[in-house]
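In: predicted coordinates and the sequence they were generated for:
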Amino acid sequence: MPALLSRLCLAILFIAFAQPIVHAQQLKAGAALRVLTPAPLLPVSGGVGVPKPTTQKQGDLFVRAFVLEKAGVRVAIVGIDNLGWTSILGDRSRALIKGIPAENILIGATHTHSAPDAYAFADEKGKHGADLKYLDWCTRQIADAVNEAVSNLAPATLKIAVGEAKGKISYNYYADQLFDPRCGVIQAIGTSGASKGKVLATLVNYAVHPEVIGSGRGILSPDLCGPLYERIESKVGGVALFMNGAQGGMVTADNRLPDNQQANDWNECKRIGELLADEALRIVGDAKEQTDPSLTCVSKKVSFPVDSKLMQYILANSPLKAPNMSKDSVTTRVNLLNIGTAQVLTIPGEALPNIGYYLKRNMHTKQPFLFGLTNDAFGYMLTKVDFNSFKRYEYVSRTSLGEKTGDIYIEQALQLVNGNPAADKAK
Ligand SMILES: [Zn+2]
């Protein structure tokens, strides 16, 4: 080898080894919670109409925040024990959250039917039964929880799995087999310092109406979500979150008893919540740890026409006004996340389960997650084919924005999926 060439080779070798070894930036995770139980208790809402008075509580209402960070991308996933949480309220919290872009803060409602009215639904006289001071306090509690989760960020790995939750958990009230039994789980585990080997957060994604107790029993409650959190946290520690799925029309808790009876008490919330918790922990139990998972967060604004007379009335008469809403259309944000091998799409309402199946089948991952009632909750979302079809669908059609909602959402959501990278491939 000519001397010059060998010297050049040595120089290249030297440069190669003299470079510091660049590690891929470590994923970090953090979680925190705040109680949202009002004191004194407030009336509760299970849908449109005047909230119903309460005399007692079963369990506490919470906001639970899970923050992930990797290579300059920071994302917050927030679960609130309420029927639905509009972007009007969500944006008040976003403005108080430091260090996370507003469009990377995903705020979802668990859809418990036993929490205070956060829509300020107007009655026929234009009056509402919401406590605006309570809602304002909630928005600060929510921001506090996310800010604390940011301050808790610590190096972490992820365990991610999607599997069938077995047992008597949910069913479709309209046609009992037509529901999605898949439960998605994302668990963050600390890798250094005091949190080494400890579970920091466990997120459970499953489609169900938490309405075992409902709004008509004088009880304020997180419903089955409360026992789910408690069970997970007592078994593995950390903070547990529940993000609902495509639970519209009408995927609900399987509290059926013989002779057309139903169990509607706290014991039934415990049975179902604990069973779902146990199933989630079983499903994620032998998932391989992902030590270098990707993290991406993209989003787009989507507008929907408001054709429904009922929804027009609600939007026009709620004291919670926002610039993104007019009588004839609403605009909201849809997010797409890649978290390691998982991909997450948000849904701004209650999509029917067939929409959920179609989205999951077309997402670029083997581990699809759908966060229903997230960033907004505009009622039911049906395809135009389903809209005002079966007699059974009269209610969900009336309480949807209109005939076009489902199809617009599917098209826009899949544009987001197809225009962005796929989730990590499983190794
Ligand atoms: Zn619902």
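Out: Yep, that arrived. Residues are numbered from 1 along each chain as shown.
In: CA atoms for contacts and neighbours, from now on please.
Out: Fine.
In: in the chain, which ranges drop under the pLDDT threshold?
Out: Along the chain, segments meeting pLDDT under 70 span 1-24, 322-324.
In: got the contact list for the residue most central in space within it?
Out: With distances taken as Cα atoms, centre = their mean, the residue of the chain nearest its centroid is M243 (3.3 Å). For M243, the contact set (Cα atoms under 8 Å, 6 or more residues apart in numbering) comprises G79, G108, A109, T110, L203, V204, N205, Y206, F371, G372.
In: likewise N362?
Out: Per Cα under 8 Å, 6+ apart, neighbours of N362: L414.
In: what's the distance between it and S114?
Out: Computed with Cα to Cα, to the nearest Å, the distance linking N362 and S114 is 34 Å.
In: check L382 too.
Out: Per Cα to Cα, L382 is found 25 Å from S114.
In: looking at those two, which has the bigger crowd around it?
Out: Per other Cα atoms under 10 Å, whichever of L382 and S114 has more neighbours is S114, with 34 against 29.
In: surely the more buried one is in contact with P222?
Out: Yes - counting by Cα atoms under 8 Å, S114 touches P222, with 6.6 Å between them.
In: quickly list what's touching both of the two.
Out: N82.
In: list the contacts of I339.
Out: Applying Cα under 8 Å, 6+ apart, we find I339 in contact with P293, S294, L295, T296, A423, D424.
In: okay, now the nearest residue in space to the second one that is not next to it in sequence: neighbour count?
Out: Residue nearest to S294 in three dimensions, not counting chain neighbours: G340, with 4.8 Å by Cα to Cα, 6 or more residues apart in numbering. The number of residues packed around G340, counting by other Cα under 10 Å, is 25.
In: distance of G340 from A161?
Out: Distance, G340 to A161, by Cα to Cα: 11 Å.
In: before we move on, what about L41?
Out: Distance of L41 to A161, given as Cα to Cα: 38 Å.
In: of these two, who's got more company?
Out: A161 (24 against 16).
In: secondary structure element for the more buried one?
Out: If you go by DSSP states H and E, A161 is part of strand 154-164.
In: next structured bit after that strand?
Out: Note on strand 154-164: by DSSP H and E, the next helix or strand toward the C-terminus is strand 170-172.
In: pull up the pairing partners for that following strand, direction included.
Out: strand 251-253 (antiparallel) (DSSP bridges).
In: what's the spacing between the very next helix or strand once past the partner strand and its chain's center?
Out: Using DSSP H and E, the helix or strand that directly follows strand 251-253 along the chain is strand 256-257. For strand 256-257, the separation from the chain centroid amounts to 28 Å (computed by Cα atoms, centre = their mean, to the nearest Å).
In: what's strand 256-257 in contact with?
Out: Strand 256-257 has contacts (Cα under 8 Å, 6+ apart) with Q262, A263.
In: direction included, what does that strand pair against?
Out: For strand 256-257, pairing defined by DSSP bridges yields strand 261-262 (antiparallel).
In: what is the distance between stretch 272-280 and the centre of its chain?
Out: Using Cα atoms, centre = their mean, the offset of stretch 272-280 from its chain centre is 17 Å.
In: could you do stretch 329-349 as well?
Out: 9 Å.
In: same deal with stretch 391-400?
Out: Using Cα atoms, centre = their mean, the offset of stretch 391-400 from its chain centre is 24 Å.
In: which of the residues in that stretch are buried?
Out: Y393, V396, S397, R398, T399, S400 (16 or more other Cα atoms under 10 Å).
In: hmm, the first one is touching G249, no?
Out: When you say that, I think you mean Y393. Yes - look at Y393 against G249 with Cα under 8 Å: they come within range, at 7.4 Å.
In: no further queries at this time; thank you.
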